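K.L.:
Give me coordinates for this.
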Amino acid sequence: MSLLLSQALYDELRQHGVETYPYECCGIMLGKAVGEGLRVESLIRAGNTRTDSAHNRYNIAPQELIKAQREARTAGLDIIGFYHSHPDHPAQWSQTDFAEAHWFGCAYVITAVDHGHPTATNSFLLSGTSEEDKQFLQQPIAVE
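P.N.:
As a prediction, this is how the structure comes out:
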C-alpha cells in the first residue's frame, strides 16, 4: 500500500522539518484510502508539545488531533497518517516512534534533516490489530 501525494505536499512536509530544525516537527496528514494506497490531500502542521526532548521526540496535543478530526470530517477526508522529522538522524523509526504509534492503518512519515537540509523521507504503515501484534511495514512513497 503506497503513500500517494503531490510534489507540493511532499515539499511542504519536508520544508516543515527544515523550519523547526534542530527540533522535530510534526503534523497530521488528511486524505483517503484509494485502491492500493493512501492519498494525502492536505497537511496540518502541529506544534511539538515535547518540552523535555524536542530535538529527538515529538508529541501532538490531543486538542490538535480532535481539531484535525473535525477538519477531516468537514472536508470528507480521514486522518491517514502523521509525519515528523529526525534532525541529524536517519529517516528510520525509533523504538519511541514505534511505542507511541497507535493509529492502525495509518502512515508514519519521517524525514531526515541533516544540518538543516532535508535528505531521506520514508513512510511506514502501522499494521496489526492490537499492541501485541502491531508492526511498521516499509511503505513506498509515490510523488505525483
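K.L.:
which residue is nearest the middle of the protein?
P.N.:
Tyr83 (1.7 Å; Cα atoms, centre = their mean).
K.L.:
other SSEs contacting whichever strand or helix holds Leu125?
P.N.:
Using DSSP states H and E, Leu125 falls within strand 117-127. Helices and strands touching strand 117-127, by 3 or more Cβ pairs under 8 Å, 6 or more residues apart in numbering; DSSP states H and E, are helix 7-20, strand 107-114, strand 135-139, strand 141-143. (C-beta placed from N, C-alpha, C; glycine too.)
K.L.:
Looking at those, spot the one closest to Asp78.
P.N.:
Closest of the helices and strands packed on strand 117-127 to Asp78 is strand 107-114, at 11.6 Å (criterion: Cβ to Cβ).
K.L.:
strands paired with the closest one, and their directions?
P.N.:
strand 78-87 (parallel), strand 117-127 (antiparallel) (DSSP bridges).
K.L.:
Now do the buried residues in stretch 55-64.
P.N.:
Within stretch 55-64, the residues that qualify as buried are 57-60, 64, counting by 16 or more other Cβ atoms under 10 Å.
K.L.:
Identify the residues contacting it?
P.N.:
22-28, 44, 46-50, 82, 84, 86-87, 89, 94, 96, 100 (Cβ atoms under 8 Å, 6 or more residues apart in numbering).
K.L.:
ok, back up a step: which of the strands paired with strand 107-114 has the highest mean neighbour count?
P.N.:
strand 78-87 (a mean of 23; mean count of other Cβ atoms under 10 Å).
K.L.:
quick one: it to chain centroid distance?
P.N.:
1 Å (Cα atoms, centre = their mean, to the nearest Å).
K.L.:
Let me see the mean pLDDT of it.
P.N.:
Mean pLDDT, strand 78-87: 98.
K.L.:
before we move on, the earlier item: how far off centre is the strand holding Leu125?
P.N.:
Counting by Cα atoms, centre = their mean, strand 117-127 comes out at 8 Å from the chain centroid.
K.L.:
Okay then, goodbye and thanks.
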